[in-house]
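J.: mind looking at a prediction? Sequence and model below.
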Amino acid sequence: MTDKPGFEDDHLLVVNKPAGIATHRAGEMSPWGIYELLLNHGPNLSRLGIHQRLDRETSGVLIFSKSAEARCSLSRQFEGRAVLKQYLFVTRGSATASNFEASDPVDGKKAKTRFQFQRRLPNGLYLWKAFPETGRTHQVRLHAAAHELRIVGDDEKNEPLLLHAARLDLQHPVTEKSVVFEAPIPSYFETADIEQRRLQAALALRQGLINEKDTNACRWVHRHADGFPPITVDRFGAWLYVEDFGSPCDHDLSPKTRWHDLLAMLKSNSAIQGIIRSFVSSAGSRQEKQLVAGVSPASEIIIFENKVRYRVDLLRPGSPGLFLDQRENRRHLQSLSHGARILNLFAYTCGFSVAAAAAGACETMNVDLSRNALDRGQMNFLANNLNPASHQFWTGDVFKCLAKLSRRKERFDIVLLDPPSSSRSKASGHFSARRDYFGLVQLAATTVKEGGWLFCSSNLVSWKNDAFLATVENGLKKARRQVVERLWIPQPFDFPATPAHPPYLKSAWLRLE
């Protein structure tokens, strides 16, 4: 999270929520909202009270209570309509009146909103202000539409919604003084070009929620969810790594977005020194990596995530060396790692192990088929002034390793199970997560200490959450291990999902009896 909240004291926390993240998660396996992000990232935050809700697509002022006094006071003020709320929104076309009041019922309940025209924007856009006097769901959007004001983005055109909670006027719950909290309107609200607006909104989400003092690697564009099929754009420090899932001959990203247009928008960011483009085949292999703008990175560059340093190679065949979608799981692992002994299966370049060691893990055992990947992992330890000699690196088949550890009655505080969706090697043949995960869980469970944690994860897109969990639970039953605590951590907010493209990453932390 950014280290600059709108306001914080012992009783209140006020943030400027960017569009693209909900107020709170809808269920155990749903993406986190800003509420969960604050609790997991904010220092000394154990509980927050929710008193207002902004839609996922709506940006602006969001207030939480931190104390019992604040919870009671804010509940009373919001329920008693003592909080004055102001919204800003952008429409196309004009209304018959510049100032009017709407009182159409919402969901059969009384609702009232006052509207004021503000000014014209470029390309036939208009800026309005709304004052909702009641707090019905989607009230401003519904009242605006009922009076022929269609808010930009409030349709099926895959545009960012230009609706912003600009101001809250209320009474401080303890001092009882009048306080005002404001959030400036996002700059992209006045951007005329739709494609530019999409990219600016995507960057506003990332820049609003990531503290660049701690993390300088994240996803800037996530395919369809950000309106830019069929590509992803990852930031690794001062370089962008673009994966293009079309064919090398297909330069059209969408009917309205061409590659050179997106490239020009990305190049305009002064923090970026170069852009690498990689085509990804239908089988998932990366090919034809090339520098398309700026200067080429060194053979390896160092980025940091949650203050941990990692070496990545953007020009090397295959993955750069760190899977950014596991950022929140690496953060959670750090909270469990002090003094822990950890078994990291399918370790790759040891990203999980380095995060754990940096947080005080006493030992990690890293297992992977690739000696080269484990060698790169040891370099990640060195990048953080951690001695690789204090850890183990085992090149070989995970099943054989688990069988050997089980026979030796080795036990670990945390066992990490994050295999690829599929792989093939001469030594171990074909591995399939859907087929082999049951057996992996059964064997891995035998190496977890009583009260220890088993982390199970998969990025197989076609595997639904319930089916994945059922496989994991059946493997634990076969191993005669019971779950006493379960935590589901979703993919990060910079890997957004939509109803048409739900979250693909499945991650369960299971504490075993």
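T.: Nice, I can see it.
J.: is it fair to say L469 lies in a helix?
T.: Yes: assessed with DSSP: H, G, I helix; E, B strand; the rest coil, L469 lies in a helix.
J.: next, the contact list for it, please.
T.: Residues near L469 by C-beta atoms under 8 Å, 6 or more residues apart in numbering: 506, 508. Quick note: C-beta positions are derived from backbone N, CA and C, even for glycine.
J.: gap between it and V483?
T.: Distance check for L469 against V483: by C-beta to C-beta, to the nearest Å, it reads 10 Å.
J.: contacting residues for W463?
T.: W463 touches 433-434, 506, counting by C-beta under 8 Å, 6+ apart.
J.: now, of those, which are buried?
T.: 433, 506 (16 or more other C-beta atoms under 10 Å).
J.: pipe the contacts of W463 into TSV and attach secondary structure per row.
T.: Shown next, in TSV, are the contacts of W463 (three-state DSSP):
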residue	secondary structure
A433	helix
R434	helix
K506	strand
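J.: between the contacts of W463, which is nearest L39?
T.: Of all the contacts of W463, L39 sits closest to K506, with 21.4 Å by C-beta to C-beta.
J.: domain ranges for the chain?
T.: With domains defined by automatic domain parsing, the chain comprises 7-190, 212-304, 323-512.
J.: got the contact list for the nearest residue to T134 once chain neighbours are set aside?
T.: Of all residues not flanking T134 in the chain, A111 sits nearest, at 4.8 Å (C-beta to C-beta, 6 or more residues apart in numbering). By C-beta under 8 Å, 6+ apart, the contact list for A111 reads 102-105, 132, 134, 136, 139, 142-143.
J.: one more: I414?
T.: I414 sits in contact with 333, 336-337, 340-343, 356, 448, 452-455, where contact means C-beta under 8 Å, 6+ apart.
J.: can you check L121 too?
T.: 90, 127, 189-190, 192.
J.: ok, now D413?
T.: 336, 340-342, 449, 452-453 are the contacts of D413 under C-beta under 8 Å, 6+ apart.
J.: go on, C72?
T.: P173.
J.: could you do L291 as well?
T.: 274-276, 315 are the contacts of L291 under C-beta under 8 Å, 6+ apart.
J.: would you mind checking the residues you listed for buried ones?
T.: Using 16+ other C-beta under 10 Å as the burial test, the contacts of L291 include 274-276, 315 as buried.
J.: in which helix or strand does S75 reside?
T.: Per DSSP states H and E: S75 is located in helix 68-79.
J.: in that helix, which residues are buried?
T.: 70-71, 73-74, 77-78.
J.: so which residues of the stretch 351-500 of the chain form strands?
T.: For the stretch 351-500 of the chain, applying DSSP state E, counting those that start in this stretch gives strands covering 363-368, 392-395, 412-417, 422-425, 429-432, 448-458, 483-488.
J.: least confident of these, on average?
T.: Least confidently modelled of the strands of the stretch 351-500 of the chain is strand 422-425, at a mean of 76 by mean pLDDT.
J.: ok now that strand, how far from the chain's centre?
T.: 28 Å (C-alpha atoms, centre = their mean, to the nearest Å).
J.: now do stretch 159-179
T.: Worked out by C-alpha atoms, centre = their mean, stretch 159-179 lies 25 Å from the chain centre.
J.: quick check: end-to-end length of it?
T.: 34 Å (C-alpha to C-alpha, to the nearest Å).
J.: what segments of the stretch 51-200 of the chain are helices?
T.: All helices of the stretch 51-200 of the chain, identified by DSSP state H, counting those that start in this stretch, fall at 68-79, 139-146, 194-209.
J.: please convert those to TSV, extending it with distance to G396 and mean pLDDT.
T.: Listed next are the helices of the stretch 51-200 of the chain as TSV, based on distance: least, C-beta to C-beta, whole Å; pLDDT from 0 to 100:
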stretch	distance to G396	mean pLDDT
helix 68-79	54	97
helix 139-146	57	93
helix 194-209	38	93
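J.: could you dump those into JSON lines and include distance to G20?
T.: Shown next, in JSON lines, are the helices of the stretch 51-200 of the chain (distance: least, C-beta to C-beta, whole Å):
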{"stretch": "helix 68-79", "distance to G20": "24"}
{"stretch": "helix 139-146", "distance to G20": "17"}
{"stretch": "helix 194-209", "distance to G20": "4"}
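J.: and the ones you listed: which comes nearest P18?
T.: Among the helices of the stretch 51-200 of the chain, helix 194-209 sits nearest to P18 (C-beta to C-beta), with 3.8 Å.
J.: ok, residues contacting the closest one?
T.: 1-2, 16-21, 34, 37, 59, 158-160, 186-188, 191, 218-222, 226-228, 235, 256-257, 261-262, 265-266, 269, 493-494, 496.
J.: buried set for that helix?
T.: 194-206, 208-209.
J.: what's the farthest-apart pair in those residues?
T.: I194 and L209 (23.5 Å).
J.: contacting residues for the nearest residue to V152 once chain neighbours are set aside?
T.: Using C-beta to C-beta, 6+ apart and skipping residues adjacent in sequence, the residue nearest V152 is L162, 4.3 Å away. Each residue near L162 by C-beta under 8 Å, 6+ apart is listed here: 89-90, 151-153, 189.
J.: try 6 Å
T.: 89-90, 152-153, 189 (C-beta atoms under 6 Å, 6 or more residues apart in numbering).
J.: so Y126 makes contact with G93?
T.: No: in this structure, Y126 is not within contact of G93 by C-beta atoms under 6 Å, at 7.3 Å.
J.: more neighbours: the two, which one.
T.: Set side by side, Y126 and G93 show more neighbours around Y126, with 19 against 10, by other C-beta atoms under 10 Å.
J.: for E195, see how far away the more buried one is.
T.: 21 Å.
J.: so who does the closest residue to N216 other than its chain neighbours touch?
T.: Distances taken as C-beta to C-beta, 6+ apart place G237 nearest to N216, at 5.2 Å, with adjacent residues excluded. Shown in contact with G237 (C-beta under 6 Å, 6+ apart): 216, 301, 303.
J.: tell me the phi and psi of G237?
T.: With angles defined as degrees, to the nearest 10, G237 shows backbone torsions of phi 60, psi -120.
J.: now swap in L162 and tell me
T.: According to degrees, to the nearest 10, L162 has phi -100, psi 70.
J.: show me how far stretch 327-341 is from its chain's centre.
T.: The answer for stretch 327-341 is 18 Å, by C-alpha atoms, centre = their mean.
J.: for that stretch, which positions count as buried?
T.: 327-334, 336-337, 340-341.
J.: then it to PDB, C-alphas only?
T.: Presented in PDB, the C-alpha positions along stretch 327-341 are these (Å, rounded to 0.1, in the frame of the first residue of the first chain):
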ATOM      1  CA  ARG A 327       3.400 -11.400  -4.300                       C
ATOM      2  CA  GLU A 328       0.700 -11.500  -1.600                       C
ATOM      3  CA  ASN A 329       1.600 -15.200  -0.800                       C
ATOM      4  CA  ARG A 330       5.300 -14.300  -0.400                       C
ATOM      5  CA  ARG A 331       4.300 -11.500   1.900                       C
ATOM      6  CA  HIS A 332       2.100 -13.800   4.000                       C
ATOM      7  CA  LEU A 333       4.900 -16.400   4.100                       C
ATOM      8  CA  GLN A 334       7.100 -13.700   5.700                       C
ATOM      9  CA  SER A 335       4.600 -13.300   8.500                       C
ATOM     10  CA  LEU A 336       5.000 -17.000   9.400                       C
ATOM     11  CA  SER A 337       8.700 -17.500   8.700                       C
ATOM     12  CA  HIS A 338      10.600 -16.300  11.700                       C
ATOM     13  CA  GLY A 339      12.600 -19.300  13.100                       C
ATOM     14  CA  ALA A 340      10.800 -21.700  10.700                       C
ATOM     15  CA  ARG A 341      12.100 -24.600   8.800                       C
END
